[in-house]
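Engineer: Structure for this input, please:
(2 chains)
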There are 2 protein chains.
Amino acid sequence: MPKKPTIYDIAERLNITAATVSRALNNNPKISKPTRELVIKTAAEMGYEQNKLAQALKSGKSHNVGVIVPRIDNNFFASVIRGIEEELYPKGYHVIICQTHNKEDLEIRNINSLLNAQVDGILMSISNAKIEEKEGFKNLLKKSIPLIFFDRKRDIQDVSTVTIDDFRGAYESTQHLINQGCKRIAHLSNDRLFLIYKNRYLGYKQAIIDNGLEFDENLVIEIESKISEGKRITKELLALENPADGIFSSSDFTALGAIEEIKSQGLKIPENIAVVGFSNEPFTKFMELSITTVDQSPVEMGRIAAQVFLEEITNSKKVKSKKEVILSPELIVRKSSMKLENKFI
Amino acid sequence: MPKKPTIYDIAERLNITAATVSRALNNNPKISKPTRELVIKTAAEMGYEQNKLAQALKSGKSHNVGVIVPRIDNNFFASVIRGIEEELYPKGYHVIICQTHNKEDLEIRNINSLLNAQVDGILMSISNAKIEEKEGFKNLLKKSIPLIFFDRKRDIQDVSTVTIDDFRGAYESTQHLINQGCKRIAHLSNDRLFLIYKNRYLGYKQAIIDNGLEFDENLVIEIESKISEGKRITKELLALENPADGIFSSSDFTALGAIEEIKSQGLKIPENIAVVGFSNEPFTKFMELSITTVDQSPVEMGRIAAQVFLEEITNSKKVKSKKEVILSPELIVRKSSMKLENKFI
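Structural biologist: Predicted structure coming up:
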């Protein structure tokens, strides 16, 4: 059986480097279209068979990048993914996505499956509040592929992160409610082992204290980011002897649940209770009673996370380092909290 | 160097079959928990290293299944994926997802990337209206892995499909508008090379004809499934000398755009113009003016597509065959079209 031609044979025939042949066959945008076409034509003539998997095993590059998120049917994560794709596709990388549904065991399976699929790196927003303690995750850390956390992160050595300034987003939201006249503001929080929720809580608390209001721990409730949970908890909050006159929610979904419950009790928004969410999910804008929320620039977050990946993969053999990128949040004031027009928002 | 232990060595040590060892190491639910734990413990003691990729190459099974959709940030596709996951995870399969953003070249890259990642099958909703003509797709057809189309399909030999009865969904939607008194119903369509859009168009047309109304091709417009497109086209429709009094849209997003435009012109919904969408996206329910739409049982569609995959992977060495599953649509009548109460909907 004749020896199968390699990229070196193609390179020799065309008098170019093997690296150029490889790049051309992998659609690397650095290679001009005529060169790429010539390489592909020559490769076909010589009977070259590109075994991408063998190639990936040899070079350690599959040009697939894995993205893990709690859920895909959520505008925030879908937009981050779009940002990642927009940045990586032109660089010749392909994005494959897994979702965890917030289940810890699924997250570990996601990691294993992506490693089995030979991804060149993993970008993830975590579902395990103590992911660093899991075996499957420790295994990932030992691999020499870039790992980047975005949004839902933990502080782990050598793992770069891209987040927004959640403290500031929360502080500004709470300050806005206070400016609108709210004096007793509840906070719908979530598992504060996740830094995003911890920082939103701390920003809320600081704004309350800085404005000389009473900080009441009973008005802070940890719930899952679900409409039904927002409803359930708001029912309890409204039943208090001294009920809240404002709600700052760490999630648009729980904010929506709160709004549904408040309306169903015949109370007025924002007159009786003002509500602010977090994430700028599209429904917050579409609703008749549009919801005040915090925009997290998700597409930009995805783009930056992808850029950090590209930097790390280029430097992967050198010194390990950690990069922390913190984006600015933007408070978007809408009807659900606008009691006063033209006064400090 | 001592020979590395294999699953056969573990099997011998435990006096069980190698197949049982393999299943236990792959978390196959057929294996009891005590057996699985014993196998894992023994494997660790013997220094067994599971090379999953090598295993995949050898057995042809990675236990990863690829799913390709136009977009993930859309409740319909996200729900189908959830259905697929719910069915496959308990069977030991893992789902990895790619999106095409409706771009033909990205769809082919998705296919190649998933093949490189050694997926055991691909479940997809197509973005190429003539996918059967693409080289990358022909390449996929030659592989011996199951391929299943859901929702957006083409009729291709040996490719099983899971869809809803789009004709019927459209027919019932149009009949409902006629029952509400609409006489001049526009149809916001989409690229009818896709069978779903073709069938929705045909169902609409048939209902018009069956009710003795005039079928006017000028009231049928092909647009992309975007809010902005719905707005733009509705502006044109309202400017007609003899404007429409009803809109049946093949997409909830274009229906939403239509509603925004109608409202902005000071017209009343449903009194002046009644609107029906398609897909039952969550926002259709949340809105103050809730939108009548057609539910497509997406989770069920995903579950069935996954079941078809499981059947095919079990039979993959036998005769090729094609399965067509057609689910029933359900018209959900809401405020955007309810002119008459308690009369035939």
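
Engineer: how about the residues of the stretch 201-345 of chain A near chain B?
Structural biologist: Residues of the stretch 201-345 of chain A lying close to chain B (Cβ under 8 Å from any Cβ of the partner chain) are A:256, A:282-283, A:286-289. Quick note: C-beta positions are derived from backbone N, CA and C, even for glycine.

Engineer: List buried residues within those residues.
Structural biologist: A:256, A:283, A:286-287 (16 or more other Cβ atoms under 10 Å in any protein chain shown).

Engineer: out of those residues, who's nearest residue B:204?
Structural biologist: residue A:286 (25.9 Å; Cβ to Cβ).

Engineer: hmm, back to that, tell me which of the buried ones among the residues of the stretch 201-345 of chain A next to chain B fall in strands.
Structural biologist: Nothing among those maps onto strands, per DSSP state E.

Engineer: any idea how far stretch A:69-83 is from the chain center?
Structural biologist: Relative to the centre of its chain, stretch A:69-83 is centred 7 Å away, using Cα atoms, centre = their mean, to the nearest Å.

Engineer: Distance check, the residue of the stretch 201-345 of chain A found nearest chain B against residue B:124.
Structural biologist: Per Cβ to the nearest Cβ, the residue of the stretch 201-345 of chain A with the smallest distance to chain B is residue A:288, at 3.5 Å. Going from residue A:288 to residue B:124 by Cβ to Cβ, to the nearest Å gives 37 Å.

Engineer: Kindly report the same for residue A:244.
Structural biologist: Separation of residue A:244 from residue B:124 (Cβ to Cβ): 48 Å.

Engineer: Look at the two and report which has more neighbours.
Structural biologist: Just comparing residue A:244 and residue B:124: by other Cβ atoms under 10 Å in any protein chain shown the higher neighbour count belongs to residue B:124, 28 against 23.

Engineer: got the contact list for the nearest residue to the more buried one once chain neighbours are set aside?
Structural biologist: Among residues not flanking residue B:124 along the chain, residue B:68 sits closest, at 3.9 Å (Cβ to Cβ, 6 or more residues apart in numbering or on different chains). Contact partners of residue B:68, counting by Cβ atoms under 8 Å, 6 or more residues apart in numbering or on different chains, are B:97-100, B:107, B:110-111, B:114, B:122-125.

Engineer: Make a markdown table out of those and add secondary structure, pLDDT and distance to residue A:85.
Structural biologist: Listed next are the contacts of residue B:68 as a markdown table, based on DSSP: H, G, I helix; E, B strand; the rest coil; pLDDT from 0 to 100; distance: Cβ to Cβ, whole Å:
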| residue | secondary structure | pLDDT | distance to residue A:85 |
| --- | --- | --- | --- |
| B:97 | strand | 97 | 12 |
| B:98 | strand | 97 | 10 |
| B:99 | strand | 96 | 8 |
| B:100 | coil | 95 | 10 |
| B:107 | helix | 94 | 13 |
| B:110 | helix | 93 | 11 |
| B:111 | helix | 94 | 16 |
| B:114 | helix | 93 | 15 |
| B:122 | strand | 97 | 19 |
| B:123 | strand | 98 | 20 |
| B:124 | strand | 97 | 17 |
| B:125 | coil | 97 | 18 |
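
Engineer: Could you list the low-pLDDT ranges of chain A?
Structural biologist: Within chain A, the stretches with pLDDT under 70 are A:1-4, A:49-60, A:316-320, A:341-345.

Engineer: ok, now with 50
Structural biologist: Low-confidence segments of chain A, defined by pLDDT under 50, are located at A:1-2, A:52-58.

Engineer: Got the domain ranges for it?
Structural biologist: A:7-50, A:63-163+A:298-327, A:166-296 (automatic domain parsing).

Engineer: So for residue A:69, what's the nearest residue that isn't a sequence neighbour?
Structural biologist: Spatially, and ignoring its direct neighbours in sequence, residue A:69 is nearest to residue A:77 (4.2 Å; Cβ to Cβ, 6+ apart).

Engineer: pull the CA atoms of the helix or strand harbouring that neighbour into CSV?
Structural biologist: Element membership for residue A:77, per DSSP states H and E: helix A:75-88. Extracted in CSV, the C-alpha atoms of helix A:75-88 (Å, rounded to 0.1, in the frame of the first residue of the first chain):
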residue,chain,number,x,y,z
ASN,A,75,-31.4,35.9,27.2
PHE,A,76,-28.4,36.7,29.4
PHE,A,77,-26.5,33.5,28.8
ALA,A,78,-27.6,33.2,25.2
SER,A,79,-26.2,36.7,24.6
VAL,A,80,-22.9,35.9,26.3
ILE,A,81,-22.6,32.8,24.0
ARG,A,82,-23.3,35.0,21.0
GLY,A,83,-20.5,37.3,22.0
ILE,A,84,-18.2,34.3,22.4
GLU,A,85,-19.1,33.1,19.0
GLU,A,86,-18.7,36.4,17.3
GLU,A,87,-15.2,36.6,18.6
LEU,A,88,-14.1,33.0,18.1
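
Engineer: Output the contacting helices and strands for that helix.
Structural biologist: strand A:64-69, strand A:94-99, helix A:298-314 (3 or more Cβ pairs under 8 Å, 6 or more residues apart in numbering or on different chains; DSSP states H and E).

Engineer: That one to strand B:94-99, inter-axis angle?
Structural biologist: Between the axes of helix A:75-88 and strand B:94-99, defined by axes from the mean of the first three to the mean of the last three Cα atoms, to 10 degrees, the angle is 70 degrees.

Engineer: How about helix A:75-88, which residues are buried there?
Structural biologist: Buried, per 16+ other Cβ under 10 Å, within helix A:75-88: A:75-85, A:87-88.

Engineer: Ok, stretch A:220-227 next?
Structural biologist: Going by neighbour count (16+ other Cβ under 10 Å), the buried part of stretch A:220-227 is A:220-221, A:223, A:225, A:227.

Engineer: same check, this time on stretch A:117-134
Structural biologist: Going by neighbour count (16+ other Cβ under 10 Å), the buried part of stretch A:117-134 is A:117-128, A:131, A:134.
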